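A.B. asks: pasting the sequence and the predicted model now:
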Amino acid sequence: MEINKEEKLNPIRQDVKKGALRYVKNVFPHHGYIWNYGAFPQTWEDPDHTTEETGTKGDKDPLDVCEIGYKVHPRGAVIQVKVLGTMCLVDE
């Protein structure tokens with residue numbers, strides 16, 4: 001799923017790559033990701049900035065977030081989180 005930046009109010013839509021819908025494989029017993037995955041609102045990864053550690057550039061999307069609490073939140077939920085650390089997520 002992806003935040004659609006082109007549509008009004010930026011709805012969450014299924015991600016499409018090369019004309020095909022993208023899916024995340026299930027990791028038993030979970031359906032899709034094994035954590036709550038989303039984005040920090042009002043953030044943006046700059047495509048003109050190259051990260052020194054990876055040599056990659058921003059993808060013009062909001063910053064990704066993996067919430068590792070015990071509760072599974074519904075898609076589109078807005079929750080408060082506390083940053084514990086960072087990790088590099090590189091889109092394919």
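C.D. replies: Everything's here; your move. This one's a predicted model, so the numbers in the text were calculated from it and none came from an experiment.
A.B. asks: can we go C-alpha only for contacts and neighbour counts from here?
C.D. replies: Noted.
A.B. asks: so Val72 touches Asn36, yeah?
C.D. replies: Yes - distance between Val72 and Asn36: 6.5 Å, which falls inside the contact criterion (Cα atoms under 8 Å).
A.B. asks: so which of those two has more stuff around it?
C.D. replies: Legend: neighbour count by other Cα atoms under 10 Å for Val72 and Asn36, higher for Asn36 (18 against 11).
A.B. asks: how many neighbours does the residue nearest to that one when sequence neighbours are not counted have?
C.D. replies: Distances taken as Cα to Cα, 6 or more residues apart in numbering place Glu67 nearest to Asn36, at 4.9 Å, with adjacent residues excluded. The number of residues packed near Glu67 is 21, by other Cα under 10 Å.
A.B. asks: where are the low-confidence patches of the chain?
C.D. replies: By pLDDT under 70, the weakly predicted segments of the chain are 92.
A.B. asks: switch the cut-off to 80
C.D. replies: Regions of the chain meeting the criterion pLDDT under 80 cover residues 27-33, 89-92.
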